[in-house]
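>>> have a look at this fold, sequence not included:
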């Protein structure tokens, strides 16, 4: 109660001004450089915005996780849970890399990653706002506005991707008040190099997830390969390691308490600039429903795969992702109450709207956007909840594959530029990879159970959101025939549907194809409504948040945009916390692993690893004052989902570990930051290097990274 009252008496200023929070664009480093220097930065802040030099051009995206080059031969370090899908993809009963880990002794031993794996090397992030706004008018309908923005975006992407092997995207910032085009080199041949056993890489499992103290070796390595001429190419035995222009230097000394650290990566989504009404709806209605659905989904898979190791392996990656996020949502719900999110958002919103109303010129610029945004937000809420329930049927992999393939056929009756996002020629390789990947992540009886559960959720959606033709078709076919009569379980057949015409789909007797055809008209109608809302939302929110940005500039407190999957920097310091009578020291140590080890469940590290810890042969990897091996450490760096695998850098920009988690009481930071709760957990580089050296025989990688 005391903390809540104290926070409500703080000056009502943009969120970015509170403490040192912020997921900053490279172009904003000049605005925060002085503050970073105060905190301990020992390099020129301008270098953090230079796409031609390290550390910036060593940072890469994996399309959902972050990573970085640690050698000039394409070697990429990220989190264990970010390579977990590729470990799972290469595992089977009798070749269980999930349990045993994987270390490639030579380049020739490196394994093709999951078919959808990509490494995206950042090259540029440039302002294209003027081009995106071309042709927009105030009188446009929501749908017309959406279509104009979509056409402008596709044109910019197509022009950018005329360069070979580039993957480009245009993303909105501040609700569309700003647009930046992110240009990346797409590397298509990705190989698994090294991952410790799950007993190290996921030590503590769900028991310790989002908790402190933590003792997890959450790292793994990929390598980028290209054709012999240096061009990006799909897998071939003739491909060679990519010669990346820059890499991160592994620090000779690790961090200690109080040291400056920063994280560079691609944070996914935050909602800190959302309205008070959006925050209230999310935690009163949407998040509890989402959490319950995810919990039921994970529990179902665990029941269906129990006692079947092959099925367990096939669904391991899916379950891990669902378990992780369902726990995070619980933390967010509790955090919203703990920081009194509703009151916090309402107070800050009233202050901003009061600033608008307090000046005639500001009222003219921004006033109409307030009512317009509130109206479309209210309309959008019911649609979001219905969409959450109806989307559950997409968990059934063969149904999802059939819908994707039929939509692909329908879209390919149009010119490429007129096709929907995700169905253009640029998207074919990714689509094929996803359809192929099903073969190692699918068991018919499990998928059937998942669909049966999802249909129960689907039935809870409003009548206007459900698809009557789909409901009639599924009732006629029945689940037994659906799985007994389909041929989509075969990979070649499944992928082959991408080359068929709409008429061939409509003539098919395959039950999943019939369902996809039945769903199509309803899917398109729902999509049209969503596009109209999206256009109206952009029209209102872009002006509303453009005003909030001006408010921040007027008060000398620059406002960073919400995370949206683009490159960002965050910074802070290593340090512990005091929490409800507990003292969280900033480092955990090897002794903590030994104390937690039970040999069962989440605390089952391999015997050779435990034996090596007990020998206490730390060599150069010991912490200088703790005199033991540091495992994980805490900082107050600001991260979210998508930052997984982000390299942690010291004051000189050198590699000192990997960000991999936060604490459960701090995950509410996706919506609002309480500086006292801002906590990031990092895998200490010394723990990683020691394990590679003393346990897993990864000496060739250490040599390659310049460690020895």
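Arrived safely, thanks for sending. Remember, it's a predicted structure, so these values are computed and weren't measured experimentally. Numbering: from 1, shown residues only.
>>> could you show me where the helices are in the stretch 51-200 of the chain, in order?
Secondary structure of the stretch 51-200 of the chain (DSSP state H, counting those that start in this stretch): helices at 80-89, 97-100, 129-133, 142-160, 198-201.
>>> got these as JSON lines, with mean pLDDT and distance to residue 654 columns?
For every residue, glycine as well, the C-beta is placed using N, CA and C. JSON lines is the format used below for the helices of the stretch 51-200 of the chain (pLDDT from 0 to 100; distance: least, CB to CB, whole Å):
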{"stretch": "helix 80-89", "mean pLDDT": "96", "distance to residue 654": "21"}
{"stretch": "helix 97-100", "mean pLDDT": "96", "distance to residue 654": "31"}
{"stretch": "helix 129-133", "mean pLDDT": "98", "distance to residue 654": "35"}
{"stretch": "helix 142-160", "mean pLDDT": "98", "distance to residue 654": "32"}
{"stretch": "helix 198-201", "mean pLDDT": "98", "distance to residue 654": "23"}
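>>> out of the ones you listed, which gets nearest to residue 339?
Proximity to residue 339 (CB to CB) singles out helix 80-89 among these, at 27.4 Å.
>>> now tell me what touches the closest one from outside.
The contact list for helix 80-89 (CB atoms under 8 Å, 6 or more residues apart in numbering) reads 62, 64-65, 67, 97-98, 102, 111, 113-115, 117, 190, 192, 195-196, 198, 201-202, 216-222, 313-314, 316-317, 320, 324, 437, 440-441, 644-645, 660.
>>> re earlier: between the helices of the stretch 51-200 of the chain, which one is nearest to residue 384?
Of all these, helix 142-160 comes closest under CB to CB, at 16.2 Å.
>>> in stretch 591-604, what's buried?
591, 592, 593, 596, 597, 602, 603, 604 (16 or more other CB atoms under 10 Å).
>>> my guess is residue 282 contacts residue 288, does it?
No. Residue 282 lies out of contact with residue 288 (CB atoms under 8 Å); the separation is 9.6 Å.
>>> neighbour count winner among the two?
When residue 282 and residue 288 are compared for neighbours, residue 282 comes out ahead with 22 against 14, by other CB atoms under 10 Å.
>>> other SSEs contacting the helix or strand residue 524 falls within?
Assigned by DSSP states H and E, residue 524 belongs to helix 511-554. On a contact count with 3 or more CB pairs under 8 Å, 6 or more residues apart in numbering; DSSP states H and E, helix 511-554 meets helix 142-160, helix 341-357, helix 360-390, helix 397-411, helix 468-477, helix 479-485, helix 502-507.
>>> other SSEs contacting the helix or strand just after that helix?
Scanning forward in sequence from helix 511-554 by DSSP H and E, the next helix or strand is strand 568-573. On a contact count with 3+ CB pairs under 8 Å, 6+ apart, strand 568-573 meets helix 29-39, strand 260-265.
>>> nearest to residue 546, out of those?
Across those, residue 546 has its closest neighbour in helix 29-39 (17.3 Å, CB to CB).
>>> what lies in contact with the closest one?
Outside helix 29-39, the residues that touch it by CB under 8 Å, 6+ apart are 20, 22, 24, 41, 45-46, 48-49, 260, 262, 558, 569, 571-573.
>>> and it, average pLDDT?
Mean per-residue pLDDT for helix 29-39: 90.
>>> with stretch 72-79 instead?
98.
>>> next, the distance between the ends of that stretch.
Stretch 72-79 has an end-to-end distance of 20 Å (CA to CA, to the nearest Å).
>>> was I right to think residue 532 contacts residue 142?
Yes. Between residue 532 and residue 142 there is a contact under CB under 8 Å: 4.0 Å.
>>> now do the SS call for residue 634.
strand (DSSP: H, G, I helix; E, B strand; the rest coil).
>>> wait, what's in contact with it?
212, 574, 575, 576, 577, 584, 586, 587, 679, 680, 681, 682.
>>> so which of the residues you listed are in helices?
In helices, judged by DSSP state H, none of the contacts of residue 634 are found.
>>> buried subset of these?
By 16+ other CB under 10 Å, the contacts of residue 634 give 212, 574, 575, 576, 577, 586, 587, 679, 680, 681, 682 as buried.
>>> which among the buried residues of stretch 591-604 gets closest to residue 345?
residue 602 (36.0 Å).
>>> what sits against residue 563?
Listed by CB under 8 Å, 6+ apart, the contact partners of residue 563 are 23, 267, 268, 269, 270, 640, 642.
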